[in-house]
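>>> here's a sequence, model it:
(one chain, ligands or ions: 1)
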Amino acid sequence: MSVSDYELVQSWSQVLDLCKLAAGQTVTLLTSADTNAQTLRCAILAVRQKGAIANRLDLQPVNGGVSLSRDPLAYVGTTPLTGNRAAVEMLKASDLVLDLMTLLFSAEQHEILAAGGRILLAVEPPEILVRMTPTMEDRTRVLAASARLQAAKTMHVTSAAGTDATFALGDYPMLEEYGFVDAPGRWDHWPSGFLATWSNEGSAEGTIVLAPGDILLPQKSYVTAPITLRLAGGYVRAIEGGYEAGHLRDYMQSFGDPEVYAVSHIGWGLQRRAHWSVMGFYDREATIGMDPRACAGNFLWSTGPNNEAGGTRDAACHIDIPMRGCTVRLDGEAVVTDGTLVEE
Ligand SMILES: O=c1ccc(O)c[nH]1
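Below you'll find the predicted structure:
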């Protein structure tokens with residue numbers, strides 16, 4: 001059910017404080033055709049209450065005629081900022097960018113961050129934003145997990161369903177998502193609460209078995225029968241199973257790009273206010289699925305681009321696959337056991 005403007009303004013105010021927004025600074029709210037009106041309205045009120053300038057930059061939607069899904073994370077790499085120098089310069093001149101339309105995985109986003117910009121993505125429905133309003137405790141938990149992942153050389157993931165996959169680590173930076181941008185150059189996503197990095201190129205090996213109840217994004221589907229993915233040399237080499245495996249194969253094949261099968265970011269969920277069941281209560285297009293991505297104790301892996309991490313692969317097809325019931329080990333030490341976080 002809905003939340004009031006009062007509640008959402010309160011949440012935005014908390015987030016802007018965590019982002020250290022100061023009076024007199026300039027905030028640009030990035031919007032497009034699918035921006036939630038209440039989110040925009042309440043963000044502007046909270047920004048103005050802080051004594052900051054609130055500018056809105058509304059961009060025309062792109063990729064609608066080529067993407068098979070309306071989910072903004074389904075087709076990545078080119079955005080309304082591509083080739084749009086005037087817009088990029090406005091965002092680079094801003095102290096804080098509130099992305100209410102989804103830039104993710106774009107070269108322009110990198111350029112803005114490299115110039116010291118800060119970008120906070122917030123496109124989930126208002127009630128989900130309020131339920132997972134970020135806290136310093138989220139940041140502490142994500143950074144503690146990050147310290148362990150940074151020290152690790154290998155990730156080994158297993159499950160009762162038959163998953164047994166290994167990934168070499170160390171070539172890529174951390175993706176620490178705790179829901180606010182408290183330093184120049186940071187991108188983050190509200191809501192979140194998970195940690196990831198990218199598997200060293202060519203290193204992903206083994207078998208991943210999706211069990212009934214595991215999730216495919218942007219499909220927003222709970223898998224109903226096992227799907228077996230064979231990994232070798234850093235790529236998904238085969239996708240076996242029933243019709244859901246066939247649909248996934250067909251969808252990825254539709255991009256006509258062999259790079260879509262590359263393993264992308266890998267990590268695990270740390271957000272205890274995220275719940276696996278939430279996606280089942282929402283129409284497919286009503287959320288982008290941050291509950292399953294962030295759900296404490298998931299193993300979240302993905303296929304496609306690595307340009308977010310500084311790589312050159314900008315494959316447009318990005319599949320996020322949150323799984324339950326996995327054991328995630330870093331250099332032999334478990335951080336998740338059978339789908340439950342190992343408590344410090
Ligand atoms: O917040 C996000 C969302 C999607 C993704 O692939 C990474 N991080």
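>>> can I see the domain layout of this protein?
What the record gives for the chain is the domain set 5-131, 136-341, from automatic domain parsing.
>>> so what's whatever residue of the stretch 151-300 of the chain ends up closest to the ligand closest to, chain neighbours aside?
Going by C-beta to the nearest ligand atom, the ligand is nearest to residue 189 of the stretch 151-300 of the chain, at 3.6 Å. (C-beta placed from N, C-alpha, C; glycine too.) Leaving aside its chain neighbours, residue 189 sits nearest to residue 121 (4.4 Å; criterion: C-beta to C-beta, 6 or more residues apart in numbering).
>>> again with residue 224
residue 212 (5.5 Å).
>>> coming back round to it: identify the residues contacting the residue of the stretch 151-300 of the chain closest to the ligand.
Residue 189 makes contacts with 120, 121, 122, 177, 179, 290, as judged by C-beta atoms under 8 Å, 6 or more residues apart in numbering.
>>> now do the phi/psi pair for it.
With angles defined as degrees, to the nearest 10, residue 189 sits at phi -130, psi 120.
>>> and it, how close does it get to residue 134?
10 Å (C-beta to C-beta, to the nearest Å).
>>> grab the nearest non-local neighbour of the residue of the stretch 201-344 of the chain found nearest the ligand.
Residue nearest to the ligand within the stretch 201-344 of the chain: residue 320 (4.8 Å; C-beta to the nearest ligand atom). Excluding its sequence neighbours, the residue lying closest to residue 320 (C-beta to C-beta, 6+ apart) is residue 217, at 4.1 Å.
>>> hmm, the one you found is touching residue 289, no?
Yes. Counting by C-beta atoms under 8 Å, residue 217 touches residue 289, with 4.5 Å between them.
>>> now the worst-scoring helix or strand of the chain on mean pLDDT: buried residues?
Here the helix or strand of the chain ranked lowest by mean pLDDT, DSSP states H and E is helix 107-114, holding a mean of 91. Residues 108, 109, 112, 113 are the ones in helix 107-114 that count as buried (16 or more other C-beta atoms under 10 Å).
>>> you'd agree residue 23 is up against residue 52?
Yes. Assessed by C-beta under 8 Å, residue 23 is found in contact with residue 52 at 6.3 Å.
>>> ok, those two, which is more surrounded?
residue 52 (18 against 9; other C-beta atoms under 10 Å).
>>> roughly how far does the more buried one sit from residue 238?
52 Å.
>>> got it, and residue 165?
Distance of residue 165 to residue 238, given as C-beta to C-beta: 13 Å.
>>> of these two, who's got more company?
Set residue 165 next to residue 238 and count neighbours by other C-beta under 10 Å: residue 165 wins out with 24 against 13.
>>> report the mean confidence score over stretch 304-319.
What stretch 304-319 shows for mean pLDDT is 90.
>>> swap in stretch 286-299?
98.
>>> returning to that earlier point: which residues touch the residue of the stretch 201-344 of the chain closest to the ligand?
73, 217, 218, 289, 293, 300, 302.
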